[in-house]
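# can't give you the sequence, but here's the structure:
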């Protein structure tokens, strides 16, 4: 063992020096392009509020976040200013035009009417004939009224009365509006414009000074009663005749009225309010009202410009996160694990995009927050099962940070997402069956509940809201597991990934290719089972992937199927190589690696298993046939190229491939032990490991010295169990013979 340690130390130092090279250019362009596109997508989704309008609320909606003034804002309060304008408008009197020419028309027409009366009145014509003559002259006055007026005109001296009453009426401003309409101006009064000799005279009048068309009769009758002693019939006759001639002379002037309103509005100073920097305008969960909506609109108006500083800050943070996320994917040769890193970016962009869509939902319950809607646990479970710890752990750390940014820096979202994601990663790390995922949902829901209990207490939620939050948390855990169970098989098939579930299915000895191996190459089959068992045991010792090495051990020699009889473990009599040239035998045996790779691809084994099949012999020298070739050369002459007797390789690139190589070599060589005592087994195992190191077969794997020591122990324990000794039980005849001698 000491000799082995000495040899391995030198090899280990050489390997460590070798991995300090620079990052190879292969794949750099693809990685850069994907990273750049992911960066742009993430920046757009996370920093979108700083590109323009941040808030879009209507009255009655519930605020989804605390709305805080980013700076001191002095804004025009449109609503208050509008109220002030409406108040001022209500105090501005309307403008009416007094058209005096209408009064002259009325007076002239009435004088013509009286002249007609003077002409027909003294005649001997009957009253009916006199009335008809007047009506035919264009005065369509009621006949009975007209006859009474003609009869009383001379007798009762109507002329002075009616002229006085008419002059009284035409001096009044008579509006062509109902009394109800005029009452609307009772507070403001009206402005009367009168044009006299090219001069405009304006006079403000109160409503009681204006006569409407419906009140003119009452005013006329009251005037006649106050100034003359007239009977009821005379009042009715005179008022009926005068009202026939009276016309409205006061008309609303909309143009002048609006001009006057505009003049008054122009004198109004807008109402200006100031919001101090950092002031909380609306808190999350509060209703948007008429009082706080103007403040929100002001923040949108005065801060909706392109906020370069905020975007630059988020951009730098995202750039740092994307850069740091590459570190777990840098291999020892300083190459980036392209596939897994691209998948990491894809999962990140998908999750952030989903979270961005969630933020567009209007009016979710106030007790909920973004983290409860995002199945972070489902994302990390899927990544852990499909792509292992590097991808899943990086996601479990990065996603909560991205969700923190996109949620408006909500700490509860980050706490919940990180806690849920990390516990999910832990509980599925050893899952080997699909049913293990269902069990993991209990752990995820339990941790979700604990986190939400703490958050609910911190937020001092009401009992009902608190209960609903816990229900959502349990739903998040359950949906996360359902999501992962639905999406894992899809990726397994599309990407042919070696998940624990898929590997467990491939390890079933009833698979057709293994059944065929058992029937046609039984020696190779039993050798493969032993290699699989040894490799699995060693993998568990060094915390490698035990299921992967088991499957690789079972399938590593399937390339021997087409020529099974040419392999010593499958022959009982004389070897077929006895009659073949060493070079031909060498070609037949070497071919099983290439054939095995082709067969593995044809049955769609995962790439990781195919790679181990290709690497399980590395570039080892086939010593027996090389030795036979040298003997033949010595006897017959000719040249022997040693390189022709090496396997094509490549050497093992992973710990799992190196374990299978060692298990294959140890198991095959152990068959030659004549006295498989524990000490002899230990020497054999150490000798083979030493040999592989001296040949440099393990230089490109990531096995450490400590790993090799543990692998040696695992192999020795397994082989000791295989070659254990048993008591030689006597047969029945011998027992009977001894019994008879005793008798």
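The structure has been received and is ready for your questions. Here the structure is a predicted model, which means the values were calculated and not measured.
# could you point out the longest helix in this protein?
helix 463-495 (DSSP state H).
# Counting neighbours, show which residues of that helix come out buried.
Buried residues in helix 463-495, counted by 16 or more other Cβ atoms under 10 Å: 465-466, 468-470, 472-474, 476-478, 480-481, 483-485, 487-488, 491-492. Heads up, the C-betas are built off the backbone N, CA and C, glycines and all.
# Contacts only, for residue 36.
Counting by Cβ atoms under 8 Å, 6 or more residues apart in numbering, residue 36 makes contact with nothing.
# Just the buried residues of whichever strand or helix holds it, please?
Applying DSSP states H and E as the criterion places residue 36 in helix 28-46. Under the neighbour-count criterion of 16+ other Cβ under 10 Å, helix 28-46 has 31, 34, 35, 38, 39, 41, 42, 43, 45, 46 buried.
# So the last one is in contact with residue 313, correct?
Looking back up the chat, that one is residue 46. No - between residue 46 and residue 313 there is no contact under Cβ atoms under 8 Å: 10.9 Å.
# re the thing from before, so which of the buried residues of helix 28-46 comes closest to residue 597?
Proximity of the buried residues of helix 28-46 to residue 597 (Cβ to Cβ) peaks at residue 31, which lies at 27.7 Å.
# Can you tell me how far the closest one is from residue 607?
19 Å (Cβ to Cβ, to the nearest Å).
# before we move on, the earlier item: next one: the helix holding residue 36 to chain centre, how far?
The chain centroid and the centroid of helix 28-46 are separated by 17 Å under Cα atoms, centre = their mean, to the nearest Å.
# One more: stretch 44-57?
With Cα atoms, centre = their mean as the basis, stretch 44-57 stands 14 Å off its chain's centre.
# average model confidence for that stretch?
Throughout stretch 44-57, pLDDT has a mean value of 72.
# Check stretch 235-248 too.
87.
# Next: stretch 414-423.
90.
# quick one: buried residues of that stretch?
Applying 16+ other Cβ under 10 Å to stretch 414-423 flags 414, 415, 416, 417, 418, 419, 420, 421, 422, 423 as buried.
# Likewise for stretch 144-155?
Across stretch 144-155, burial judged by 16+ other Cβ under 10 Å covers 145, 146, 147, 148, 149, 150, 151, 152, 153.
# show me what contacts the fourth one?
When the contact criterion is Cβ under 8 Å, 6+ apart, the partners of residue 148 are 233, 237.
# 6 Å - rerun?
residue 237 (Cβ atoms under 6 Å, 6 or more residues apart in numbering).
# ditto for the first one
With contacts taken as Cβ under 6 Å, 6+ apart, residue 145 has the following neighbours: 237, 240.
# how near is the residue nearest to residue 127 when sequence neighbours are not counted to residue 231?
Once flanking residues are discounted, residue 127 sits nearest to residue 147: 4.7 Å by Cβ to Cβ, 6 or more residues apart in numbering. Residue 147 sits 16 Å away from residue 231, going by Cβ to Cβ.
# now swap in residue 613 and tell me
Distance from residue 613 to residue 231, by Cβ to Cβ: 133 Å.
# quick one: which of these two has more around it?
The neighbour count for residue 613 versus residue 231, taken as other Cβ atoms under 10 Å, is higher for residue 613 (27 against 10).
# Surely that one touches residue 600?
Yes - the pair residue 613 / residue 600 is scored as a contact, 5.4 Å apart, by Cβ atoms under 6 Å.
# thinking again about what came up before, give me the helices and strands touching the longest helix of the chain, please.
Contacts defined by 3 or more Cβ pairs under 6 Å, 6 or more residues apart in numbering; DSSP states H and E place helix 463-495 against helix 376-406, helix 435-459.
# Just want the angle from that helix to helix 435-459.
150 degrees (axes from the mean of the first three to the mean of the last three Cα atoms, to 10 degrees).
# Name the next helix or strand downstream of helix 463-495, please.
With elements assigned by DSSP H and E, the helix or strand that comes after helix 463-495 is helix 500-506.
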